[in-house]
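Visitor: Could you look at this predicted model? Sequence included:
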Amino acid sequence: MTSPTDVDVVVIGGGPAGTTVASLASRAGLRVLLLERDTFPRYHIGESLAPSARKVLELTGALERVYDAGFQQKHGTRFTWLVDEWLLDWERLGTGIWSWQVDRASYDELNLRNASEQGVEVVEAARARRVIFEGERATGVEWSSGADDELRLTSARMVVDASGRDGLLSVRHLRNRRHHPHLANTATWGYWTGATLRDGAPRGATTSEAAGHGWWWQIPLADGRLSLGYVTPKTSFQDVRPNFESLEAYYLDRLADSPGVAPIVRGAELVSDIRAEQDYSYVADSFTGPGWAISGDAACFLDPLLSTGIHLAQYSGLTLAAAVVSALQGDIPEDEALAFYELTYRRAYSRLMVLTTRLYAAYAGQDNYFEHAEQLLDNSALGPLPVGNLSEIVTGASDLREVQDTSGRVDGAVLMAQAIDAQRTADEVSPENALRAGFSPLRNLELPADEEGGLRLITTPYVRLSRTEPPNAAA
Ligand SMILES: Cc1cc2nc3c(=O)[nH]c(=O)nc-3n(C[C@H](O)[C@H](O)[C@H](O)COP(=O)(O)OP(=O)(O)OC[C@H]3O[C@@H](n4cnc5c(N)ncnc54)[C@H](O)[C@@H]3O)c2cc1C
């Protein structure tokens with residue numbers, strides 16, 4: 001067993017971000033300890049995956065387990081947005097572009113068990129208490145576990161915070177998490193059996209449907225349950241919620257008040273408690289520093305409108321693993337490798353932020369609930385905001401293509417990215433809607449490349465970074 005006080009990487013958190021970075025770092029030969037506060041399986045919201053997940057799972061070694069779990073296949077998304085209905089049918093974009101609607105307790109457990117199989121030392125019921133710093137450098141983690149809650153110290157060359165919304169580093173140590181005031185929404189959700197979804201959506205699709213004061217997600221799961229959630233501005237929730245004696249009464253009232261959605265659960269049975277989350281869009285001022293990095297929701301989180309949280313978490317786990325492996329192997333200076341990670345993750349987040357705010361802005365005409373979302377576009381803290389094709393972005397293809405080797409050494413997801421034809425996707429969205437929702441390409445910024453060349457992510461024989469040719473090398 002690896003000495004608990006002498007590892008290469010400590011990862012805090014065993015969700016999609018933590019298991020991705022831990023598995024990939026371990027497969028590259030690093031000694032990795034993963035601390036997870038809970039004992040899996042445990043409940044988590046966020047069931048709808050992007051196709052990029054399949055590429056990441058292939059790299060972590062978990063793909064077969066996830067196939068075998070028999071989750072509901074998802075072949076696209078339907079937005080019923082007032083009078084507009086946009087069908088993003090991934091099958092029309094090329095073969096093999098699909099993902100799953102998962103039960104998160106099972107999905108996250110599969111990924112955690114896979115991390116163990118990849119050589120990660122996984123400790124459940126282990127809470128990271130604080131990150132140890134020597135000067136500005138993170139050097140380890142103090143954590144506790146067991147009935148006695150005994151404190152332990154593990155020193156590491158790199159500390160990865162993948163603690164999700166808890167955000168140990170950014171909330172507790174750095175205090176650099178900033179919430180987006182104009183995406184301060186509240187989600188309320190429950191699970192139903194016997195629901196009847198409207199026809200016309202791609203197979204297994206998520207439907208996102210606007211209703212008076214917000215919108216509803218409808219996510220069909222393999223066991224016949226429907227995840228049905230309502231998202232509304234926090235202010236609206238705070239105004240209306242006190243009129244009801246329970247969260248469930250509030251939720252059922254909102255449902256009854258949504259004529260497009262209520263019929264799908266007529267005669268169906270509510271089989272869960274109603275849960276709620278709020279204030280959930282934020283970004284940390286920095287994702288990296290000497291000896292530390294923040295991954296997934298711990299770094300930034302975006303409203304669930306486009307169902308991209310797990311994509312962002314796993315994508316950040318992938319790019320961070322590449323940076324950590326290259327830095328700890330001495331191939332790329334740590335600050336440069338971590339800068340690559342931070343830049344690529346911020347760009348991915350920014351792209352989705354633009355798309356989300358534009359979609360809300362398109363909706364503002366109805367009753368102005370989301371009109372202020374547009375103001376986020378001026379948020380300079382997010383850096384430049386490249387916007388590309390809608391399907392390409394929400395499937396995660398833009399992000400994977402951006403960081404990867406384009407010389408053909410990466411298969412799967414890059415092929416998927418190439419298969420996505422921007423023109424055909426544009427056919428799915430009428431020109432008028434595309435304009436209103438801001439789906440037209442703006443600009444695509446280059447990753448920095450100095451005289452030594454830039455960096456890119458490669459996946460063989462293991463995930464790491466590689467230098468691109470200097471700009472003038474071909475001359
Ligand atoms: C209402 C709502 C709906 C959503 N719907 C979707 C969707 O349809 N599709 C989608 O892709 N995403 C969705 N998401 C987002 C998605 O759930 C998250 O983006 C995703 O779970 C992030 O993964 P993560 O690994 O960063 O964090 P998490 O999955 O939250 O994992 C973090 C882990 O860290 C552990 N932890 C925390 N603190 C400590 C500590 N101190 N020590 C040790 N362990 C610790 C936790 O127990 C947890 O297991 C939704 C989110 C919300 C709020």
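Guide: Looks like it came in fine. Note that this is a predicted model, so its numbers are computed, not measured.
Visitor: Could you list everything the closest residue to residue 169 other than its chain neighbours pairs with in the sheet?
Guide: Nearest-residue entry for residue 169: residue 161, 4.2 Å, with adjacent residues in sequence omitted and distances by Cβ to Cβ, 6 or more residues apart in numbering. All C-beta atoms are positioned from the backbone trio N, CA, C, and that covers glycine. Note on residue 161: beta-bridge partners by DSSP bridges are residue 12, residue 294.
Visitor: do you know how far residue 161 is from the ligand?
Guide: Note on residue 161: its distance to the ligand, by Cβ to the nearest ligand atom, to the nearest Å, is 9 Å.
Visitor: Quick check, that residue in contact with residue 293.
Guide: Yes. With contact defined as Cβ atoms under 8 Å, residue 161 reaches residue 293; the gap is 7.4 Å.
Visitor: These two: which is more packed in?
Guide: residue 161 (33 against 30; other Cβ atoms under 10 Å).
Visitor: and that one, what pLDDT?
Guide: Note for residue 161: predicted pLDDT of 98.
Visitor: which ones are touching it?
Guide: Each residue near residue 161 by Cβ atoms under 8 Å, 6 or more residues apart in numbering is listed here: 12, 13, 131, 167, 168, 169, 170, 292, 293, 294, 295, 298.
Visitor: Of the residues you listed, which are in range of the ligand?
Guide: By Cβ under 6 Å from any ligand atom, the members of the contacts of residue 161 lying near the ligand are 12, 13, 168, 298.
Visitor: circling back to that earlier point, now, among the contacts of residue 161, which is nearest to the ligand?
Guide: Checking the contacts of residue 161 against the ligand with Cβ to the nearest ligand atom, the nearest one is residue 13 at 2.8 Å.
Visitor: quick one: residue 175 is in a strand?
Guide: No. Counting by DSSP: H, G, I helix; E, B strand; the rest coil, residue 175 is not part of a strand but coil.
Visitor: Look up how far residue 285 lies from it.
Guide: Here residue 175 is placed at a distance of 9 Å from residue 285 (Cβ to Cβ, to the nearest Å).
Visitor: Leaving out the residues flanking it, which one is nearest to the spatially most central residue of the chain?
Guide: The residue lying closest to the centre of the chain (Cα atoms, centre = their mean) is residue 309, at 2.4 Å. Closest residue to residue 309 apart from its sequence neighbours, by Cβ to Cβ, 6+ apart: residue 46 at 5.2 Å.
Visitor: helix, strand or coil for the one you found?
Guide: What three-state DSSP gives for residue 46 is coil.
Visitor: With residue 242 instead?
Guide: Judged by three-state DSSP, the three-state class of residue 242 is helix.
Visitor: Name the residues of whichever strand or helix holds residue 115 that are buried.
Guide: Element membership for residue 115, per DSSP states H and E: helix 104-117. Across helix 104-117, burial judged by 16 or more other Cβ atoms under 10 Å covers 104, 106, 107, 108, 109, 110, 111, 112, 114, 115.
Visitor: List the contacts of the helix or strand just after that helix.
Guide: As assigned by DSSP H and E, the chain's next helix or strand after helix 104-117 is strand 121-123. Outside strand 121-123, the residues that touch it by Cβ under 8 Å, 6+ apart are 1-2, 4, 7, 14, 22, 31-36, 112, 115-116, 145.
Visitor: tell me the contacts of the residue nearest to the centre of the chain?
Guide: Contact analysis of residue 309 by Cβ under 8 Å, 6+ apart lists 46, 297, 301, 302.
Visitor: The first one reaches residue 304, doesn't it?
Guide: Pointing back at residue 46 there. Yes. Shown here, residue 46 and residue 304 form a contact pair, counting by Cβ under 8 Å, at 7.1 Å.
Visitor: the more surrounded of these two?
Guide: Set residue 46 next to residue 304 and count neighbours by other Cβ under 10 Å: residue 304 wins out with 24 against 20.
Visitor: re the thing from before, what would the contacts of residue 309 look like in TSV with distance to the ligand and pLDDT?
Guide: Shown next, in TSV, are the contacts of residue 309 (distance: Cβ to the nearest ligand atom, whole Å; pLDDT from 0 to 100):
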residue	distance to the ligand	pLDDT
46	2	96
297	4	97
301	6	93
302	8	89
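Visitor: List just the nearest of those to residue 218.
Guide: When these are ranked by distance to residue 218 (Cβ to Cβ), residue 46 comes first, at 14.7 Å.
Visitor: Return the distance of that closest one relative to residue 217.
Guide: Residue 46 is 10 Å from residue 217, by Cβ to Cβ.
Visitor: Need the residues touching each of the two.
Guide: Shared contacts of residue 46 and residue 217, defined by Cβ under 8 Å, 6+ apart, comprise 304, 307.
Visitor: Give me the mean pLDDT for stretch 139-147.
Guide: For stretch 139-147, the mean pLDDT works out to 92.
Visitor: And the host helix or strand of residue 359, how far out from the chain middle?
Guide: Applying DSSP H and E as the criterion places residue 359 in helix 334-367. Centre-to-centre, helix 334-367 and its host chain are 11 Å apart (Cα atoms, centre = their mean, to the nearest Å).
Visitor: Please apply the same query to stretch 170-185.
Guide: Chain-centre distance of stretch 170-185: 17 Å, with Cα atoms, centre = their mean.
Visitor: cool, and stretch 121-134?
Guide: That offset, for stretch 121-134, works out to 23 Å (Cα atoms, centre = their mean).
Visitor: so where is this structure shaky, pLDDT-wise?
Guide: Residues of the chain meeting the criterion pLDDT under 70: 1-5, 83, 93-94, 361-392, 401-402, 404-453, 469-475.
Visitor: so who does the closest residue to residue 202 other than its chain neighbours touch?
Guide: In space, and not counting its chain neighbours, residue 202 is closest to residue 76: 3.1 Å by Cβ to Cβ, 6+ apart. Taking Cβ under 8 Å, 6+ apart, we find residue 76 in contact with 87, 88, 89, 90, 91, 201, 202, 203, 205.
Visitor: swap the cut-off to 7 Å and go again
Guide: Neighbouring residues of residue 76 by Cβ atoms under 7 Å, 6 or more residues apart in numbering: 87, 88, 89, 90, 202, 205.
Visitor: Residue 10 too?
Guide: Contact partners of residue 10, counting by Cβ under 7 Å, 6+ apart, are 33, 35, 140, 141, 154, 156, 159, 160.
Visitor: from what I can see the fifth one touches residue 9, true?
Guide: No. Assessed by Cβ atoms under 7 Å, residue 154 is found out of contact with residue 9, at 10.3 Å.
Visitor: Need the residues touching each of residue 175 and residue 285.
Guide: By Cβ under 7 Å, 6+ apart, no residue touches both residue 175 and residue 285.
Visitor: What residues does the stretch 151-300 of the chain have near the ligand?
Guide: 162, 163, 164, 165, 166, 168, 187, 277, 280, 296, 297, 298.
Visitor: give me that answer again for 8 Å
Guide: Contacts of the stretch 151-300 of the chain with the ligand, taken as Cβ under 8 Å from any ligand atom, map to 162-166, 168, 187, 189, 206, 217, 219, 227, 229, 231, 277, 280, 295-298.
Visitor: Please check those and keep the buried ones.
Guide: Buried members of these, counted by 16+ other Cβ under 10 Å: 162-164, 166, 168, 187, 189, 206, 217, 219, 227, 229, 231, 280, 295-298.
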